[in-house]
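*Asks:* with the sequence up front, the predicted model follows.
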Amino acid sequence: MKFIETREELRTIFREPHVGAVRKEMKKLDQHAKGFLSRSPFVVIGSQDAEGNADATPKGDKPGFVKVLDDTTVAIPDRPGNNRLDTWVNVVENPAVGLLFLIPGMNETLRINGIGRLTADDDLRQEFAVGERPALAVLVVEIKAVFMHCAKAFMRSQLWQPDTWPDRNEMPTLGQIMRDQLALAESGEELDANLADGYKKTMW
C-alpha cells in the first residue's frame, strides 16, 4: 500500500476548497458561535503529547457548561472521571488542542482550535461548581480558529435518527466488556452494578 506523504501529492487527489470554506474561519467568537456554545452539552477534545501521540476525549455536562471568558477565550470544567488524565497530561506537554462541539439533533458542529492551559484556580473552579462540588480543574483555551462545520458527516451517518439506531441489547454492556478484556472474576452484572453505583456518587 502506498501512502500519501506530501501536501502536494494530497492536492492532486482533492480539489481546492470552496472560497466559503476558507473564509468562514474566524479568529474570535461571534454571536452565532456564542449561541452554539450556550446550547452545547458535549465537546470532544483532541490533543497530542510531546511526541505527537494523539488522543480524543469526550466532555459533557448540562447545555452551556463551557463558559465564554471573552471573545477569544473559553473555559471547560473537568469532572470526576477515571483519573487516567490522558488529555490533561497532553495539554501540559503540548498545549495545542482541537475542540468539536455538538448539539443533539443538530447536524452542524462548531470547531475551535487553539492553545489550552490547565488551571486549578479556586475562583474559576467555583464558577463551575455543581452544588458544593467545584470543578476539579479547568481547561482554558485561547482561540486561534473557530468555524462552523457542515452537516454531511451527520447526514451520512444519520446519527440523530432513532429509526437507524441499533438495538442496544445487541451489544454487550460495559461490565461484560471489562470482564472479558481484563479477565476479571466478577460477573458482567456485578461490574455493571458497580459502575451504576459509581455514576450516582461521582457524576460531579
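*Replies:* All right, it came through fine.

*Asks:* can you tell me what sits against the longest strand anywhere in the chain?
*Replies:* For the chain, the strand with the greatest residue count under DSSP state E is strand 137-149. Here strand 137-149 makes contact (CB atoms under 8 Å, 6 or more residues apart in numbering) with 24-29, 32-33, 36, 45, 69, 72-78, 88, 91, 97, 99-100, 108-121, 124-125, 128. From N, CA and C alone the C-beta is placed, and that goes for glycine too.

*Asks:* quick one: average pLDDT of that strand?
*Replies:* In this model, strand 137-149 has a mean pLDDT of 98.

*Asks:* got the buried residues for it?
*Replies:* Residues 137, 138, 139, 140, 141, 143, 146, 147, 149 are the ones in strand 137-149 that count as buried (16 or more other CB atoms under 10 Å).

*Asks:* how far away is the second one from residue 61?
*Replies:* Distance, residue 138 to residue 61, by CB to CB, to the nearest Å: 12 Å.

*Asks:* common neighbours of these two, please.
*Replies:* By CB under 8 Å, 6+ apart, the residues touching both residue 138 and residue 61 are residue 77.

*Asks:* run the chain-centre distance for the longest strand of the chain.
*Replies:* On the basis of CA atoms, centre = their mean, to the nearest Å, strand 137-149 is displaced by 11 Å from the centre of the chain it belongs to.

*Asks:* helix or strand next in line after that strand, which one?
*Replies:* Note on strand 137-149: by DSSP states H and E, the next helix or strand toward the C-terminus is helix 152-157.
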